[in-house]
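Visitor: This is a predicted model, with the sequence first.
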Amino acid sequence: MSEALQTFRMLEGSGPLILSIPHAGTGLPDFIKEKLTDHALSLPDTDWRVDRLYGFLADFGIPTLIATQSRMVVDLNRPPDGADLYPSEHRPGLVPLTSFEGERLYGPGQEPGEGEIGERVANYWQPYHRQLSALLEAAKKQHGYAILWDAHSIRSRVPALFDGKLPHLNWGTNDGASAHPKLAKTLHQLAQADGKYSSVIDGRFKGGYITRNYGNPDAGVHAIQLEMSFEAYLDEEKNELDAERLAGLLPLLRTLVEAARIFNPKT
């Protein structure tokens, strides 16, 4: 497999909990990079440092799938047919042509056509989802159920998407359809008990394609998305981890992951 097609890296592990990190990748194959605007080359809308934020997962032995390529190559959290998950809003699609703020990502006449989009789906989208499906099936086979945690982050203020400042922790369960209701409630209550971070269930973010597609409690898969505000762990000006903020957040994040790891929807 060429470097351009190394679409993900995986942390090995076992147990019913699977972590997916689809938007922290920064890779840009040359054939795409040469078509992009300067703004696009700054990698807007990346879930900065989320893979490093969850670096402690190895301590728990939790299987983790981490995308290596930028969401500008193809968005792993969108349907492969390009169907719009958010028809009433401006949101970048399967292969984004504009950023969250509406700025163009491609030079004039450089936007990918249907054929190229299909190739990106085949070469980048499908491998990630094949592996994610395999991990979930393996967990179900061993434990009788699987818990999928889809990890995301976003700037605390994105006027084009929401008013004001985003809560620190935004849990998404597709309005309760993707997971046992006690899972989100347990995590939300733990966050509230910590007292330092605002938390909401199915507020501004309810989960994207990964949560909605794989979350099927009747079939034994309970999927939840965590959209975390950059303010909780980053220097938002530099998009770098902030040591002081990490010191406050990591103990809680470990507690939340451990609670998801031991959560049993059958009890």
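Guide: Nice, thanks for sending it over. Residues are numbered from 1 along each chain as shown.
Visitor: can we go C-alpha only for contacts and neighbour counts from here?
Guide: Will do.
Visitor: Contacts only, for Ser198.
Guide: Applying CA atoms under 8 Å, 6 or more residues apart in numbering to Ser198 gives the contacts 167-169, 191-192.
Visitor: The longest helix seen in the chain: how far from the chain's middle?
Guide: The single longest helix within the chain, with elements called by DSSP state H, is helix 243-262. Using CA atoms, centre = their mean, to the nearest Å, the mean C-alpha position of helix 243-262 is found 17 Å from that of the whole chain.
Visitor: And stretch 225-234, by the same measure?
Guide: 11 Å.
Visitor: Can I get it in CSV, CA atoms only?
Guide: The C-alpha trace of stretch 225-234 is given here as CSV (Å, rounded to 0.1, in the frame of the first residue of the first chain):
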residue,chain,number,x,y,z
GLN,A,225,-20.4,10.6,19.5
LEU,A,226,-18.5,13.1,21.6
GLU,A,227,-17.9,16.4,20.0
MET,A,228,-15.5,18.3,22.3
SER,A,229,-14.9,22.0,22.3
PHE,A,230,-11.3,23.0,21.5
GLU,A,231,-11.6,25.2,24.6
ALA,A,232,-11.5,22.1,26.8
TYR,A,233,-8.0,21.0,25.8
LEU,A,234,-6.3,23.3,23.2
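Visitor: Residues contacting it, please?
Guide: 53, 149-156, 166-173, 197, 205-208, 211, 236, 240-242, 245-246, 249.
Visitor: One more: stretch 254-267?
Guide: Taking CA under 8 Å, 6+ apart as the rule, stretch 254-267 contacts 15-17, 56, 145, 147, 180, 182-183, 186-187, 190-191.
Visitor: Which of those fall within strands?
Guide: 17, 147 (DSSP state E).
Visitor: Not counting sequence-adjacent ones, nearest residue to Pro217?
Guide: In this structure, Pro217 finds its nearest non-sequential neighbour in Ala179, 5.6 Å apart by CA to CA, 6 or more residues apart in numbering.
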